[in-house]
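# Requesting a structural model of the entry that follows:
(chains A and B)
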Number of protein chains: 2
Amino acid sequence: MISSKMRKNVEGGSAIRAMFREGKEMAEKIGEDNVFDFSLGNPYTNAPEEFGSAIKSLIDTENSLALHGYTDNEGDALVREKIAASLNQQYGASYRKENIIMTVGAACALNIMLKSILDDGDEIVLLKPYFTEYRNYIGNYNGRFVEVDHDGNLLPDLGDFEEKITKKTKGVIINTPNNPSGVVYTGEILDKIGEILEKKQKEYKTDIYLISDEPYRELVYDGLKNPFVPDHYKNTVIAYSFSKSLSIPGERIGYLAISDEVGDSEMLTMACSVALRILGFVNAPSLIQKAVSMCLDAKTDVDYYDENRKLMYEGLTDMGFECIRPQGAFYIMLKTPTDEDEFIKKAKEHHILVVGAKGFGAPGYVRLAYCTDREKIKNSMKNFRELAQEVL
Amino acid sequence: MISSKMRKNVEGGSAIRAMFREGKEMAEKIGEDNVFDFSLGNPYTNAPEEFGSAIKSLIDTENSLALHGYTDNEGDALVREKIAASLNQQYGASYRKENIIMTVGAACALNIMLKSILDDGDEIVLLKPYFTEYRNYIGNYNGRFVEVDHDGNLLPDLGDFEEKITKKTKGVIINTPNNPSGVVYTGEILDKIGEILEKKQKEYKTDIYLISDEPYRELVYDGLKNPFVPDHYKNTVIAYSFSKSLSIPGERIGYLAISDEVGDSEMLTMACSVALRILGFVNAPSLIQKAVSMCLDAKTDVDYYDENRKLMYEGLTDMGFECIRPQGAFYIMLKTPTDEDEFIKKAKEHHILVVGAKGFGAPGYVRLAYCTDREKIKNSMKNFRELAQEVL
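Below is the predicted model:
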């Protein structure tokens, strides 16, 4: 017998499984080439050469115990030093190795941070649209999530944001470049978020951590430079993942960066390291920690996603679909001309699989993940056109 | 500000950190060669050749996305199939790939299992002496731990065990070969545990899972064969780790095995897979999953530990110390002739670092980890002899 808490989570996941099954059945019936599945946000490009070479050279040169043994819970000291130095060089920051905790991906980083700050009933603010999984992460520690509306263009409604911050707000999770929307917050938006949080911290005499979930940090387009969030609000903790920048999502590697300027920094870092241990992560995979530290300047083929983005955005808007122009990540949001569920059903009739954005807190949109084979995107246009004729 | 829950955990860890610091300071003062640190249970032998070769060949031959991409939450299908087949071959079991969930080490396996079965206030039974961390794992999900006394020889007092099983008991964690004691439960003990649990399941009409934490499965000595726990009680879930058998503890790789005979098997497996996702593990490290599946018959140098064990056990008992003869893992328990804390202090004066077993639920003992350089053990004997003269 599983717990009643868990039963809810299992039931909650059944819709996604049902969709996955449907896609498989469809592929069996009409052939995989004729199914246009844009539902999954899985990296599609290859890891850079350097990553495999780094691993092989580590195996050839390092002592087995040093390479595959436990590291400190917070990670290998040299790896953390290199990451601090790389952040400092890129952003003019002043991290030391003590500010970096290596994690089992960004999902782990968020979990240990939330475990460290949440008592029962404490609140975490989420800005619509947001990655659905945050709700589960918050629930793991008996926290409550509080949703902030978007402004109609999938950017935060800052008036609503200010109203939603209470005495119980322990943190705010932002995710820019954003999943599901592909929007990138400008420095101005981050300044305003920072100002509101500073004011509220003073008013309530609390620490409100801005938790910046940055798996898509390097995936920005149009020559944009992604603002560095701690420049806009001191009390920012970064949760980073190498999943997308190096296209190694299965390896589960990332970090938390908690600068000295973050409230209660030393105690928070220690708490996150203890949380890493007692939640059973223990340490980020050892060989992979060392390998990524040798590839901090390497990147997967971001241009591939950029080309896909243009094809998809231009293709869809030319047909008359209304889309929010994405500038980062590998998602595009399409405003559904009819009811969201109705649209998803119709799209499926044209063998197009998309995810409704209701679960992301943004009903009236569907998310299309363009991290796929380019030919798929090209070939899907005929089907999208037929869909457009039917629904527009 | 960290949460008040977490504050307790951080404070709880400070004794271990203090000891670690003391050891370092001692090494700086008198030289590392003169400090005999038997406090840490870290594997000491090298990973078998095959492990590094497997990784290199995977990088040379596999497609980047297949190798480093997300696997299913429950792990790569082929890896799970191979593990099921290996268990079936070794133990005459009948696992299918659907029964295996790849995990980020055994600590992750235990956490996802506990998250799957515990509602607030549910009970998990621990048999003294037990790995301290279990208490934290249970606490993560608001469960209560219930302790069962040992029989004076560090084996479970089965009378007390029977009494401690209640309507609220969701599971029992056993760990054989045992950390901290090195004892190995015989088939007879496991049969009795199984009988009691069967009876209690019927009495309360509940499922009581026997959670068998098996990181030391392959580390058994004296020609002993470690009994296969599910043979003694159907409702057994195995939490396994490759940390010790392949000496790769930093790589965080293991699995849960939930046979079809386990109560509510299908739902439990699904719940564990969801727990893996929502706790932020997502999937076990992908490259490492594939690498271990190519080394299922490989083993680190277990004889090295065995030699160390004999040296230490014979050395200490010859001096007159009373020790429980270990037959597995890489720990030995010494019965302290004086008060435990007093003994630890005295040992430190002789530059010997050991862990008190109070935290393992077995006051009156200290744990010595002999997974160290053999020379260290040999050289420590002089110091132990001086200690013996003082305390015996």
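# who touches residue A:261 in this structure?
A:230, A:234, A:235 (C-beta atoms under 8 Å, 6 or more residues apart in numbering or on different chains). Backbone N, C-alpha and C define where each C-beta goes, glycine included.
# can you give me the strands in chain A?
A:36-37, A:100-103, A:123-127, A:144-148, A:169-174, A:209-214, A:236-241, A:254-258, A:322-324, A:331-335, A:352-353, A:355-356, A:365-369 (DSSP state E).
# Distance to chain B and neighbour count for the contacts of residue A:261 - can I get that in a markdown table?
As requested, those are exported to a markdown table (distance: C-beta to the nearest C-beta, whole Å; neighbours: other C-beta atoms under 10 Å in any protein chain shown):
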| residue | distance to chain B | neighbour count |
| --- | --- | --- |
| A:230 | 19 | 24 |
| A:234 | 15 | 16 |
| A:235 | 11 | 22 |
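# so can I have a markdown table of the strands of chain A showing mean pLDDT, distance to chain B and mean neighbour count?
A markdown table is the format used below for these (pLDDT from 0 to 100; distance: least, C-beta to the nearest C-beta, whole Å; neighbours: other C-beta atoms under 10 Å in any protein chain shown):
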| stretch | mean pLDDT | distance to chain B | mean neighbour count |
| --- | --- | --- | --- |
| strand A:36-37 | 94 | 15 | 22 |
| strand A:100-103 | 98 | 8 | 28 |
| strand A:123-127 | 98 | 12 | 24 |
| strand A:144-148 | 98 | 13 | 17 |
| strand A:169-174 | 98 | 8 | 24 |
| strand A:209-214 | 98 | 9 | 25 |
| strand A:236-241 | 98 | 10 | 26 |
| strand A:254-258 | 98 | 10 | 27 |
| strand A:322-324 | 97 | 26 | 18 |
| strand A:331-335 | 98 | 16 | 24 |
| strand A:352-353 | 95 | 18 | 21 |
| strand A:355-356 | 94 | 16 | 22 |
| strand A:365-369 | 97 | 13 | 26 |
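# Nearest to residue A:307, out of the ones you listed?
With C-beta to C-beta, the closest approach to residue A:307 among those belongs to strand A:331-335: 13.4 Å.
# now the closest one: how far from the chain's centre is it?
16 Å (C-alpha atoms, centre = their mean, to the nearest Å).
# can you list the residues that contact it?
A:41, A:129, A:154, A:178-182, A:309, A:312-313, A:316, A:321-324, A:326, A:354, A:357, A:362, A:364-370.
# can you state the direction angle for that strand and strand A:365-369?
Per axes from the mean of the first three to the mean of the last three C-alpha atoms, to 10 degrees, the angle that strand A:331-335 makes with strand A:365-369 is 150 degrees.
# Direction included, what does strand A:331-335 pair against?
strand A:322-324 (antiparallel), strand A:365-369 (antiparallel) (DSSP bridges).
# Now do the contacts for residue A:295.
A:48, A:50, A:51, A:54, A:246.
# Count the neighbours of the third one for me.
Going back to what we said before, that points to residue A:51. Neighbour count of residue A:51, defined by other C-beta atoms under 10 Å in any protein chain shown: 25.
# same thing with residue A:225?
8.
# Now do the same for it: its pLDDT.
Looking at residue A:225, its pLDDT reads 87.
# and residue A:324, how far is that from residue A:154?
As judged by C-beta to C-beta, to the nearest Å, residue A:324 and residue A:154 stand 5 Å apart.
# Could you do residue A:331 as well?
Where residue A:154 is concerned, residue A:331 sits at a distance of 11 Å (C-beta to C-beta).
# next one: residue A:270
37 Å.
# same question, residue A:364
For residue A:364, the distance to residue A:154 - C-beta to C-beta - is 11 Å.
# just residue A:107 next, same as before
From residue A:107 to residue A:154 the distance is 23 Å (C-beta to C-beta).
# Which of those two has more residues huddled nearby?
residue A:107 (26 against 22).
# Can you verify my assumption that that one contacts residue A:136?
No - in this structure residue A:107 lies outside contact range of residue A:136 using C-beta atoms under 8 Å: 9.8 Å.
# quick one on the thing from earlier: would you reformat the strands of chain A as TSV and include distance to residue A:61?
Listed next are the strands of chain A as TSV, based on distance: least, C-beta to C-beta, whole Å:
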stretch	distance to residue A:61
strand A:36-37	42
strand A:100-103	21
strand A:123-127	44
strand A:144-148	46
strand A:169-174	40
strand A:209-214	31
strand A:236-241	27
strand A:254-258	24
strand A:322-324	48
strand A:331-335	40
strand A:352-353	46
strand A:355-356	44
strand A:365-369	39
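# And stretch A:218-230, what's buried?
Residues A:218, A:219, A:220, A:221, A:226, A:227, A:228, A:229, A:230 are the ones in stretch A:218-230 that count as buried (16 or more other C-beta atoms under 10 Å in any protein chain shown).
# Which residues does that stretch contact?
Contacts for stretch A:218-230 (C-beta under 8 Å, 6+ apart): A:90-91, A:93, A:174, A:176-177, A:184-187, A:190, A:210, A:212, A:214, A:217, A:236, A:238, A:244-245, A:259, A:261, A:299, A:302, A:305-306, A:309, A:326-330.
# Equivalent analysis for stretch A:46-55, please.
Contacts of stretch A:46-55 (C-beta under 8 Å, 6+ apart): A:246-248, A:287-288, A:290-292, A:294-295, A:298-301, B:55-56, B:59, B:64-65, B:68, B:287.
# List the contacts of residue A:134.
Per C-beta under 8 Å, 6+ apart, neighbours of residue A:134: A:110, A:124, A:126, A:145, A:173.
# swap the cut-off to 7 Å and go again
A:126, A:145, A:173 (C-beta atoms under 7 Å, 6 or more residues apart in numbering or on different chains).
# Likewise for residue A:126?
Here residue A:126 is in contact with A:134, A:145, A:147, A:148, A:173 (C-beta under 7 Å, 6+ apart).
# Just list whatever residues bridge to it.
Assigned bridge partners for residue A:126, using DSSP bridges, are residue A:147, residue A:173.
# The contacts of strand A:331-335 in helices, which ones?
Mapping the contacts of strand A:331-335 onto helices (DSSP state H) picks out A:309, A:312, A:313, A:316.
# ok, of the residues you listed, which one's closest to chain B?
residue A:309 (19.3 Å; C-beta to the nearest C-beta).
# How many residues are close by that closest one?
25.
# Rounded mean pLDDT for stretch A:191-203, please.
Mean predicted lDDT for stretch A:191-203 stands at 98.
# Can you give me the buried ones in that stretch?
A:192, A:193, A:194, A:196, A:197, A:200, A:201.
# From residue A:270, how far off is the first one?
For residue A:192, the distance to residue A:270 under the criterion C-beta to C-beta works out to 32 Å.
# And the fourth one, by the same measure?
Residue A:196 sits at a distance of 29 Å from residue A:270 (criterion: C-beta to C-beta).
# Helices of chain A, residue ranges please.
A:4-12, A:14-30, A:49-61, A:64-68, A:77-91, A:105-117, A:133-140, A:158-164, A:187-204, A:265-278, A:286-293, A:302-318, A:340-349, A:374-391.
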